[in-house]
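Participant: prediction below, plus the sequence it came from.
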Amino acid sequence: MSGDLIAAEMANAKVQVYGDTAILSYNFVGAMMEKDETVQPVLAKSTRVYVREKNRWMLVHANFAAAN
């Protein structure tokens, strides 16, 4: 897919906190407008890991993969 993202939503979000580390996992649900103006669904899984440093949450790792 090589068009423009026209819709995006974070579904089934789950946050797990372990001290100064937090893991966010969710399903990405979106729609892509292709160059021929057809709309294609976009489904993916995402995980992000945050670490709290000096009272600020910093993203230290992210993974984004197509849903099968």
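Facilitator: Thanks, I have it. Bear in mind that the values here come from a model prediction, so they are computed numbers and not experimental data.

Participant: can we go C-alpha only for contacts and neighbour counts from here?
Facilitator: Noted.

Participant: quick one: residues contacting the closest residue to residue 2 other than its chain neighbours.
Facilitator: In this structure, residue 2 finds its nearest non-sequential neighbour in residue 34, 6.5 Å apart by Cα to Cα, 6 or more residues apart in numbering. Going by Cα atoms under 8 Å, 6 or more residues apart in numbering, residue 34 touches 1, 2, 3, 4, 40.

Participant: make TSV from those and add secondary structure and neighbour count to it.
Facilitator: Shown next, in TSV, are the contacts of residue 34 (DSSP: H, G, I helix; E, B strand; the rest coil; neighbours: other Cα atoms under 10 Å):
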residue	secondary structure	neighbour count
1	coil	11
2	coil	8
3	coil	15
4	strand	13
40	strand	15
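
Participant: what ranges does this structure have for its strands?
Facilitator: Listed in chain order, the strands of the chain (DSSP state E) span 4-18, 21-33, 39-53, 56-66.

Participant: separation between the spatially most central residue of the chain and residue 54?
Facilitator: Nearest to the mean C-alpha position of the chain, counting by Cα atoms, centre = their mean, stands residue 46 at 4.4 Å. With distances taken as Cα to Cα, to the nearest Å, residue 46 is found 26 Å from residue 54.

Participant: next one: residue 45
Facilitator: Separation of residue 45 from residue 54 (Cα to Cα) stands at 30 Å.

Participant: which one of the contacts of residue 34 is nearest residue 65?
Facilitator: residue 1 (14.1 Å; Cα to Cα).

Participant: one step back: can you count the residues close to the closest residue to the residue nearest to the centre of the chain other than its chain neighbours?
Facilitator: Once flanking residues are discounted, residue 46 sits nearest to residue 64: 4.5 Å by Cα to Cα, 6+ apart. Neighbour count of residue 64, defined by other Cα atoms under 10 Å: 14.

Participant: I'd say residue 64 and residue 43 touch.
Facilitator: No: if you go by Cα atoms under 8 Å, residue 64 and residue 43 don't touch, sitting 10.3 Å apart.

Participant: contacts only, for the residue nearest to the centre of the chain.
Facilitator: Residues near residue 46 by Cα under 8 Å, 6+ apart: 25, 26, 27, 28, 62, 63, 64, 65.
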